[in-house]
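1. sequence plus the predicted model coming up.
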Amino acid sequence: MPAERPHLFLVRLSGDLSTKASWTRSRFVRRLRDNLRDALESEGIAARVRLTRTRLFVDADDARAAAVLARGFGVQSVSRAERRPAPSLDAVVEAGAELFGEAVRGRRFAVRARRVGDRDRIAIRAREVERELGTALLPNAAGVDLDHPEVTAHVELMEDGAYFFAERLAGPGGLPVGVEGRALALVSGGFDSAVAAWHLLKRGVGLHYLFCNLGGRSHELGVLKVMQVVAQRWSYGSRPKLFAVDFDAVTHELRERTQTRYWQVILKRLMLRAGERVAAEIGAAALVTGEALGQVSSQTLANLAVIARATELPVLRPLVGFNKDAIIADAGRVGTAELSAAVAEYCAMVPRRPATAATREAVEREEAKLDPATLERALSDRTVFDLRALDPDKISIPELEVDAVPDGATVIDLRSRAAFGGWHWPGALQLDLDRALASYASFARDARYVLVCEFGLKSAHLAERMRRDGFDASNFHGGLRGLLAHAEQRGLASRELLGL
């Protein structure tokens, strides 16, 4: 027998699983078990995952397992628990008094007990446990509060014993990734596409990703960083790939040959066609986008209808009814909000008077002016990234980067004025990205520039643009953290700042 691991976790199943027929439920729960095993292994946590009809039990070597398990789609909640034998009501009460005695001292509490599993085989009644354990705990507590307790003593009675816990860590619910097939999500690095992907993963859809690059390698860098968070934190049980397609020639031809007012609608139709091609190769049954109705001119109801007609695959839009603030809030939960905020707006194809009610006939007349071979060439030259295999510290553009500030270089800090005021490299200039992009052409051309921002994304974009125009510009590797570490080595920042 293997040695008993120190941490036991109860994993409760999502309500979506409890409504399934027996065979389907069994299949889904087995997939959840396998996904959680992959999650723990990916995080370097040794654990054993056991399955019953109503619960998953995880014995782990590391308390971090709770947070990892709580990111599993199909998980309703997770609790660190203590298991004790339950031969009698007195034994359960004695164990509960021992485990919760200190926690309730001087505080108001409640006891919540329930029987889980085959109730006919569990002789102890939940109400009896609540009454007797509450009585045992009361002398040291400040009182009982069933509505708003400071401490809740939970007891789950099962056939093999009683499980005691004080807290529940909420999971995302939904369905285990992979039980609903596969789709291809179109992503841009912004808030919307990453959150849309997260919502489809939550419904059990395994995802791969297509990125149609409009902004060069720095745009690709930003998208990789954003989608790696989705892949490495939320895609357990799958190996998502990102297909990166350079759309530079496609957009050049679009600008040269079609009416300006239809650019955005046609561009999105071309992206869907690219997605349809990739989807056919990987066996994806649908395309996913982050479009929300009415959010921008290309996302009017009329335009969305015309865009969707570009492909025979269903186009899933999980955010279609979301407000922007709700999308950004979800991005915070996903863990992509700060990175997406740092991904600059790269699309230069924003006409002054875009079509808000394009007709299919008008759009198809404009599309007929394009050479289909241009898109085919872009697809054939695509790059494929295994998102879960990428080393986050190596997602960069080495030829653009420096890890030290050369003597005499001008440091341009693209963070906010408030962040700049907290700490900055001595002598650095503060500019937001929009101002820097608009004004760098007037910078001295005989100077050397080092650019920095929070994550090295906006600064990489600016460095790439400046180099393209003949400037000696570099991005500081590692963003603000990298610059702080360098400043500490030079005696220009304290170790405390490195915790920012």
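-> Okay, I see it.
2. in a strand, that's where F9 is, yeah?
-> Yes. Counting by DSSP: H, G, I helix; E, B strand; the rest coil, F9 is located in a strand.
3. look up the closest residue to S14, ignoring the ones flanking it.
-> G173 (4.4 Å; C-beta to C-beta, 6 or more residues apart in numbering). Yep, even glycine has a C-beta here, placed from its N, CA and C like the rest.
4. surely the one you found and Q76 touch.
-> Yes. Between G173 and Q76 there is a contact at 5.7 Å, judged by C-beta atoms under 8 Å.
5. residues shared between the contacts of the two?
-> In terms of C-beta atoms under 8 Å, 6 or more residues apart in numbering, G173 and Q76 are both contacted by the residues S14, G15.
6. between the two, point out the one with more neighbours.
-> Higher neighbour count among G173 and Q76: Q76, with 19 against 16, using other C-beta atoms under 10 Å.
7. doesn't the more buried one lie inside a helix?
-> No. The assignment for Q76 (three-state DSSP) gives strand, which keeps it out of a helix.
8. quick check: phi and psi on the closest residue in space to it that isn't next to it in sequence?
-> Nearest residue to Q76, sequence neighbours excluded (C-beta to C-beta, 6+ apart): R12, at 4.4 Å. Backbone geometry at R12, expressed as degrees, to the nearest 10, gives phi -90, psi 140.
9. show the contacting residues for R12.
-> R12 neighbours (C-beta under 8 Å, 6+ apart): R55, V75, Q76, S77, V78, S79, R168, G171.
10. now E376
-> With C-beta under 8 Å, 6+ apart, E376 has no contacts at all.
11. CA atoms only for whichever strand or helix holds it, dumped as CSV, please.
-> Element membership for E376, per DSSP states H and E: helix 372-380. As requested, the backbone C-alpha atoms of helix 372-380 are provided in CSV (Å, rounded to 0.1, in the frame of the first residue of the first chain):
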residue,chain,number,x,y,z
PRO,A,372,-8.2,33.4,-53.5
ALA,A,373,-4.6,32.2,-53.8
THR,A,374,-3.4,35.0,-51.5
LEU,A,375,-5.3,33.4,-48.6
GLU,A,376,-4.1,30.0,-49.6
ARG,A,377,-0.5,31.0,-49.5
ALA,A,378,-0.9,32.6,-46.1
LEU,A,379,-2.4,29.4,-44.8
SER,A,380,0.3,27.2,-46.2
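12. list the buried ones in it?
-> Across helix 372-380, burial judged by 16 or more other C-beta atoms under 10 Å covers T374, L375, A378, L379.
13. format the residues you listed as CSV; extra columns: distance to V104 and pLDDT.
-> Below are the buried residues of helix 372-380 laid out as CSV (distance: C-beta to C-beta, whole Å; pLDDT from 0 to 100):
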residue, distance to V104, pLDDT
T374, 70, 96
L375, 66, 97
A378, 65, 96
L379, 64, 97
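14. can I get those residues in a markdown table including distance to L186?
-> Below are the buried residues of helix 372-380 laid out as a markdown table (distance: C-beta to C-beta, whole Å):
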| residue | distance to L186 |
| --- | --- |
| T374 | 19 |
| L375 | 14 |
| A378 | 14 |
| L379 | 14 |
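15. L8: which of those is nearest?
-> Minimum distance to L8 across the buried residues of helix 372-380 is 50.0 Å, recorded for L379 (C-beta to C-beta).
16. tell me who's in contact with P85.
-> A91, G161, A162.
17. which one (most neighbours) among the residues you listed?
-> A162 (24 neighbours).
18. show me what contacts that one?
-> A162 touches R83, R84, P85, A86, V92, A95, G96, I124, V155, E156, counting by C-beta under 8 Å, 6+ apart.
19. flag the shaky bits of the stretch 351-500 of the chain, pLDDT-wise.
-> Within the stretch 351-500 of the chain, the ranges that satisfy pLDDT under 70 run 351, 392-393, 493-500.
20. wait, E338 sits on C453?
-> No. E338 lies out of contact with C453 (C-beta under 8 Å); the separation is 11.1 Å.
21. please say which of these two ends up with more neighbours.
-> The residue with more neighbours, out of E338 and C453, is C453; 26 against 13, by other C-beta under 10 Å.
22. just to revisit the earlier point, and the residue nearest to Q76, how far is that from P176?
-> In this view, R12 and P176 are 14 Å apart by C-beta to C-beta, to the nearest Å.
23. show me the strands in the stretch 401-500 of the chain, by range?
-> 401-402, 410-413, 429-430, 448-452, 472-476 (DSSP state E, counting those that start in this stretch).
24. how about JSON lines for these, with mean neighbour count and distance to A21 added?
-> Listed next are these as JSON lines, based on neighbours: other C-beta atoms under 10 Å; distance: least, C-beta to C-beta, whole Å:
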{"stretch": "strand 401-402", "mean neighbour count": "18", "distance to A21": "55"}
{"stretch": "strand 410-413", "mean neighbour count": "20", "distance to A21": "59"}
{"stretch": "strand 429-430", "mean neighbour count": "16", "distance to A21": "61"}
{"stretch": "strand 448-452", "mean neighbour count": "23", "distance to A21": "56"}
{"stretch": "strand 472-476", "mean neighbour count": "24", "distance to A21": "54"}
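25. picking that back up, mind checking pLDDT for the residue nearest to Q76?
-> According to the prediction, R12 has pLDDT 93.
26. bridging residues for it?
-> Beta-bridge partners for R12, by DSSP bridges, are R55, S77.
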